[in-house]
Structure formats: C-alpha cells, structure tokens
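Novice: Sequence first, predicted model second:
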Amino acid sequence: MTIKQNGEHRVDWRVQANQVGKLTLLAKALTDTESDAVEMTMEIVPHGLKQTAGNTTTLTQNDADQTFNLDLPGRADTQARNLRIEASPSIAGALFGALDYLTSYPYGCTEQTMSSFLPNVVVAQALKDVPTAKIRAANDLNTKVQKGMDRLYAYQHDDGGWGWWKDDKSDPFMTAYVVDGLTMASRAGFQIDTGRRDQGREKLSALLNAGKNDNGNPIDDETRAYMIYAFTESGEGDAHFLDELYGKRNNIGPYGRALLALALQEHKDGRAREVANLIEGAAQKDEFEAHWQTARVNDYGRDVYLDTEATALSLKALAQINPGSDLLPKAARWLVKNRGNGYYWSSTKETAFAIYGLTDYLKVSKELSPDYSFEVYLNGEKVAGQHIGASEVTNALTVSIAKKGNELGASNQIRVVKHGKGALYVSSALEYFTADENVPAQSSAGLKLTREYLRLHVTENEGKPSWKIEPLTGELRSGDMIVVRLHLTGGRAQYVMIEDPIPAGAEQVAQVSGVYLNYSLGQWSDWYSNREFRDNRTAIFMNYFDGDATLQYAMRVEVPGEFKIAPARAELMYQPTVQANTSNDRLRILDKK
C-alpha cells in the first residue's frame, strides 16, 4: 500500500486461534529511510465456561496410601486444562498457595484489598515472631503492603470509615477490618498514617454508640464483636464496649466469642481464660478435627455462614490464651482440609481469615520434627517424591506439580504415599473450560441471568443529546453503538458480582456526546455499587441485590469480523456456589460502507 502524507490506512488480517495460551503479534513498517515496529502479547481465551474442581487431604499416619480422582466431563476443552498439586510438610507451606490466590485476585474493592494486604502483614509479623520461618524471595512483602495501604487510604470516606467501594456508605465490618489491618501493620513494623487509623476509630465509636449502620439497619452481634475488637486493640478507648460484649458471652456465637477472647487477651484481662474455656466447650470435634459453627444475619434477614472464619478466630484465640489446647492441631487440620478450591478457601475474605488464624497456630505448633518420605503419583506416573526432615518444615517447603493440556486425561488419579512420622498436607485444583459450541444457560439456588444485545442511537437536538434503544435488527457495522442488557433475578442477597465477556471487536463506552451512561442516568440502568471496564470483560458489583436487577452498558463495535462471545456469569461473592450463567452468543460486524 501507499499511504499519503499525514494519511492513514487500515489493513485487516483474518486469523484463527487454534490453541489457548499467549499469542505474540509483531508488526513492522519498513521504509528506505525510517522504520518502526510494535510487538504486543495477548491471551487466547478458551471458548466456554470456566470450572474448578478441588481436593484436599492430610496424611498423619506413619504409613499412609491415599488415592482420589479429579475427573473431567466429556465436554472439557482438551487444551484449557490445568492441574496444580501442592504437597507440604507444614501448614506454613500450605498457606503460600492461598497467598498467591489473594495477591493475584483481579478486582480490588476495599475488602479484597484488605484480604490481600492483611495476610501479607500477618506473614511479615510471623517472620519476626518465628525466627526459623522463611518465605520465598519472590514475595516482596514490603512493596505489596505499601501498595495495599495506599489503596486503602484512597478508599477512606470523608466520615473516617470505609465501605466496600470508594463512593458508597461506610460499612461497620469494613471499617473494623481496615482499622484492624492498619493496627497489625503498625505492629509488624510498617509505617502507617496514624491519623487515618484514628479517623477510622472515631467512626467505629460513632457506629457502636448508634447501634446501627448508616443505612439505618441494626448491626448484628458478630459484626459488633469485630468492631469492638478492632476498636479496643487499636488504641485507648471506652472500656464499656468490651464489658458489654463480655456480658453477652453466653449468648453470642463462636465468631463473636473468639473476638471477645482476643480483645480481653489484648488487655491482659483475666476474663480471657474464662471465655477460652467457653470456646473449647463449644467446638464440634472428633478424633482428628475440630471446628466451630456460626452464622450472622445479613441486612436482608438471611443467615450468612461463617464456619471457616469462626474456626480461624477460635484457633487464633486458643493459640494465644491456651497454647497447650489439644484442639489446636485438630482445628488447623479442619481449616486446611476445608479449602474448597484446592489451595484456597471459597472467597477472598475466608482465605484471609484462615491465614490470620493459622499463623498464630504456627507460632505454638509442634510440627517441627517430622521424619518421613512421600511420593505423589499422577495416573500411575511418579511426579514428585522427597524425604522430609525438620529443615524442610522450618523452610516452609512446598512441592508444586503443574500439568496442563494433553498431559491430563478425562480421569486423573492422584495417589499419595507416605512412610514415617509427621503430617503431609496435600491439595489439588483442576481448572478447565467447557468446549461446548453452544454453552447452555445454567443457574443454582434460584439465581438466573440473561443477556441481550440492542442497538443504541444517540442524537443531538438543539445541543441537547438524547438516546434511544431499539432491537438489534439489520446489519451491524464498524462504528455502530450497541447496548448490553443483563437481567438478574433470584433471592435477595448481598455482594453480587457479574462478569460479562465482550466481543473482541468492540470497546465499552462510558459516555456519548456528554451523556454519562451509568445508573445516574434515569431509565438507563438499575443501581450498582461499582462497574469496571476491562480489556476483555465488564464487571459489575452490587452490595445489595433486591431480587430483580436490569443492568446496561454501551459498546461501540469497531473491528469487522465474526466473533464468539463467552457466557456472562453472576455469583454471590461470599457464597460462590450460588451462581448463574447465560448461554454464549455470536456477533457479526461488517465494515463501514
């Protein structure tokens, strides 16, 4: 081609992605005098719906031989399969996979920022408290903690509190969570802005005195216990909050009782031992494991189960108050065993709290003198094997095995063999994508999601822009505007996330002709807490879902071609088994006339 001076020209190449993974594109413009080039990398995303299967086990017998299967459905994409097996002789090693999950989580509300920031602070403190503990050099804790603090400061509200997002109302739990985290960071040797923390404490005090959140809803007992704990451990304050919580010690659940014990222990109050005895008496236990069952009532009157968090906090309290308790190793085993996704727990918050409790257990545990050998077999082939002694435990050894694509079959048998004394913690996570040409819409627990594409017309009349939405009929050409309409129905819930992949030939648009296309524009979209436009998807978050929501956003179609669009999916962020997805779609974009 010949391009005129100051001109432009577009050239299209039609390519087909035959395999998943990273694709590198290199384009060169070469002339006799001046030349230029650009190289870019993009991810080839599988067509289908992502699924995860996990398994965890703990081998404590001197001679153990366990086998379990992770099977793939017949419709699983043969290329887009990843199996991760981790084996560690200590709970410390078993935690690092969970840390990887938290630090790579793709979204960043206040809770998720805290849930990656807090474990890094906890680990930094553990490195100070346990001289033999070590961490991989790749985990740059100082940088991660500083980034977390900077983001938390940016999210602080004018009233001193924190919500789930930057511009929502301050939330009692989130304000306590951040105050607690900043206090722990300070104790671990990090420089914090004490003024920010103190403003958070003032907001906590105001919420505690009011007895309700800024929406006017009452604060449940479990959340109030965490607020009192965060308030009392972060500085001097009114002691009557702690006395009030102690007065309820026989009526609050294990989550709140553990926080009461920790707050009393913080103040070297002898009543901590009495509450620790209550904690031990309430454990659900057998010969090998122990845990605590609890729930809190959310703003819609529904129970939110907190067994993992209650067990982690109870473990933390007993480790500090009664480090000789025989429940400690049992509770630690239950926590490590109940990693629902193989190497991490069911949500960011659960994972953070589990690490929070388990690190206190590490300080007092006696898991420091193993002497055994183990082997791991995948489909009959030995993929790992090692002798474990005390040095492997103190160095937080983790043996990781990664297999993908054709290295995995439809049925994958994992066998672990151990000979000698000590505990071996094994986790496995199998991620795969369905390879259906047409992915069906699916739902669980009554949650249902639909997706529809419509045409958008924006016009100006006497300088005033107006918009109109019509059915998507006729040809769709480069430069046209479309609307994505997502309709979610189900039971009333809190903390809902929707992820909607976009066609590769389109870009999201936040405003047109000065019109901001968000929930603030009447009749455009129902309310949401936050919306993020990413390169390949749109993410929408709702703190409160009343059972019926219609959410819209706009896109400009740009690149001609025929595009497959993966299903949109919705889930409750802290009950991820409650989820729904749409079917997949196709979009044909023609060039401009």
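Specialist: Great, that's in hand.
Novice: ends of stretch 560-571, how far apart?
Specialist: 32 Å (C-alpha to C-alpha, to the nearest Å).
Novice: Run the chain-centre distance for it.
Specialist: 23 Å (C-alpha atoms, centre = their mean, to the nearest Å).
Novice: Name the residues that touch that stretch?
Specialist: For stretch 560-571, the external contacting residues (C-beta atoms under 8 Å, 6 or more residues apart in numbering) are 12, 14, 45, 47-49, 439, 441, 447, 449, 451, 478, 486, 488, 496-506, 578-591. (Glycine included, C-beta is placed from N, CA and C.)
Novice: among these, which are in strands?
Specialist: Among the contacts of stretch 560-571, the residues falling in strands (DSSP state E) are 449, 451, 486, 488, 496-501, 506, 578-581, 585-589.
Novice: Would you list the buried entries among those residues?
Specialist: 449, 451, 486, 488, 496-501, 506, 578-581, 585, 587, 589 (16 or more other C-beta atoms under 10 Å).
Novice: Output the host helix or strand of M149 as CSV, nothing but the C-alphas.
Specialist: Assigned by DSSP states H and E, M149 falls within helix 141-155. This file holds the C-alpha atoms of helix 141-155, laid out as CSV (Å, rounded to 0.1, in the frame of the first residue of the first chain):
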residue,chain,number,x,y,z
LEU,A,141,6.1,-8.2,51.2
ASN,A,142,7.2,-4.6,51.7
THR,A,143,6.0,-3.5,48.2
LYS,A,144,2.7,-5.4,48.5
VAL,A,145,1.9,-4.0,51.9
GLN,A,146,2.7,-0.4,50.8
LYS,A,147,0.5,-0.7,47.7
GLY,A,148,-2.3,-2.1,49.9
MET,A,149,-2.0,0.8,52.3
ASP,A,150,-2.0,3.4,49.6
ARG,A,151,-5.2,1.9,48.1
LEU,A,152,-6.9,1.8,51.5
TYR,A,153,-6.1,5.4,52.1
ALA,A,154,-7.6,6.3,48.8
TYR,A,155,-10.8,4.4,49.6
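Novice: in that helix, what counts as buried?
Specialist: Result for helix 141-155 [16+ other C-beta under 10 Å]: buried residues L141, K144, V145, Q146, K147, G148, M149, R151, L152, Y155.
Novice: could I get these as JSON lines with pLDDT and distance to R492?
Specialist: Formatted as JSON lines, the buried residues of helix 141-155 follow (pLDDT from 0 to 100; distance: C-beta to C-beta, whole Å):
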{"residue": "L141", "pLDDT": "69", "distance to R492": "40"}
{"residue": "K144", "pLDDT": "77", "distance to R492": "36"}
{"residue": "V145", "pLDDT": "80", "distance to R492": "37"}
{"residue": "Q146", "pLDDT": "84", "distance to R492": "39"}
{"residue": "K147", "pLDDT": "82", "distance to R492": "35"}
{"residue": "G148", "pLDDT": "82", "distance to R492": "32"}
{"residue": "M149", "pLDDT": "86", "distance to R492": "35"}
{"residue": "R151", "pLDDT": "85", "distance to R492": "30"}
{"residue": "L152", "pLDDT": "88", "distance to R492": "29"}
{"residue": "Y155", "pLDDT": "89", "distance to R492": "26"}
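Novice: Just name the closest of those residues to D71, please.
Specialist: In terms of C-beta to C-beta, no member of the buried residues of helix 141-155 lies closer to D71 than K144, at 36.4 Å.
Novice: what separates the closest one from L335, distance-wise?
Specialist: 23 Å (C-beta to C-beta, to the nearest Å).
Novice: One more: V559?
Specialist: 48 Å.
Novice: Please apply the same query to K285.
Specialist: Taking C-beta to C-beta, one finds K285 at 13 Å from L335.
Novice: Need the overlap of contacts for these two.
Specialist: Taking C-beta under 8 Å, 6+ apart as the contact rule, K285 and L335 both touch H291.
Novice: which of these two has more neighbours?
Specialist: Each of K285 and L335 has its neighbours counted (other C-beta atoms under 10 Å); L335 has more, 27 against 16.
Novice: Next, that one: secondary structure please.
Specialist: Three-state assignment for L335 (DSSP: H, G, I helix; E, B strand; the rest coil): helix.
Novice: Does it touch L358 like I think?
Specialist: Yes. Between L335 and L358 a contact is recorded at 6.1 Å, counting by C-beta atoms under 8 Å.
Novice: Quick check: neighbours shared by those two?
Specialist: Jointly contacting L335 and L358 under the rule C-beta under 8 Å, 6+ apart are A312, L315.
Novice: Which pLDDT value goes with D269?
Specialist: pLDDT recorded at D269 is 90.
Novice: Who are the contact partners of it?
Specialist: Counting by C-beta under 8 Å, 6+ apart, D269 touches L242.
Novice: Could you rerun that using 10 Å?
Specialist: T232, A239, L242, D243, Y246, A261, A263, V275 (C-beta atoms under 10 Å, 6 or more residues apart in numbering).
Novice: What of L30?
Specialist: Contacts of L30 (C-beta under 10 Å, 6+ apart): D36, A37.
Novice: Would you mind measuring from it to D36?
Specialist: 8 Å.
Novice: again, but for E86
Specialist: 45 Å.
Novice: quick one: which of the two has more around it?
Specialist: Neighbour totals were compared for E86 and D36, and E86 leads with 23 against 9 (other C-beta under 10 Å).
Novice: State the distance from the more buried one to W467.
Specialist: E86 is 51 Å from W467, where distance means C-beta to C-beta.
Novice: any weak-confidence spans in the stretch 351-500 of the chain?
Specialist: By pLDDT under 70, the weakly predicted segments of the stretch 351-500 of the chain are 366-368, 392-397, 462-463.
Novice: same question, the stretch 151-300 of the chain
Specialist: In the stretch 151-300 of the chain (pLDDT under 70), the answer is 238, 296-300.
Novice: 80 - rerun?
Specialist: Scanning the stretch 151-300 of the chain for pLDDT under 80 picks out 236-239, 287-288, 294-300.
Novice: is it true that N250 lies in a strand?
Specialist: No. Going by three-state DSSP, the assignment for N250 is coil, not a strand.
Novice: Neighbours of it, how many?
Specialist: Neighbours of N250 (other C-beta under 10 Å): 8.
Novice: Same question for H457.
Specialist: When neighbours are counted by other C-beta under 10 Å, H457 registers 11.
Novice: re earlier: now flag whichever of the buried residues of helix 141-155 is closest to A319.
Specialist: For the buried residues of helix 141-155, the nearest to A319 is L141 (21.9 Å; C-beta to C-beta).
Novice: any idea where the helices of this structure begin and end?
Specialist: For the chain, the helices defined by DSSP state H occupy 91-103, 110-129, 141-155, 172-187, 194-210, 221-233, 240-247, 254-266, 271-281, 307-321, 327-337, 348-364, 390-394.
Novice: export these to TSV and tack on distance to E571?
Specialist: Shown next, in TSV, are the helices of the chain (distance: least, C-beta to C-beta, whole Å):
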stretch	distance to E571
helix 91-103	16
helix 110-129	14
helix 141-155	23
helix 172-187	20
helix 194-210	29
helix 221-233	23
helix 240-247	33
helix 254-266	23
helix 271-281	32
helix 307-321	17
helix 327-337	23
helix 348-364	13
helix 390-394	37
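Novice: mind checking which of those is nearest M555?
Specialist: helix 110-129 (26.0 Å).
Novice: before we move on, back to that, only the buried subset of the contacts of D269, as a PyMOL command please.
Specialist: Here is the PyMOL selection string for the buried members of the contacts of D269, based on 16+ other C-beta under 10 Å:
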select buried, resi 232+242+246+261+263+275
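Novice: Specify which member of the contacts of D269 is nearest to L204.
Specialist: T232 (9.9 Å).
Novice: Verify the stated contact: the closest one with L242.
Specialist: Yes. Taking C-beta atoms under 10 Å as the definition, T232 is a contact partner of L242 at 5.4 Å.
Novice: which residues do the two both contact?
Specialist: Joint contacts of T232 and L242 (C-beta under 10 Å, 6+ apart) are A263, L264, E266, H267, D269.
Novice: What distance do you get for R455 to L476?
Specialist: 8 Å.
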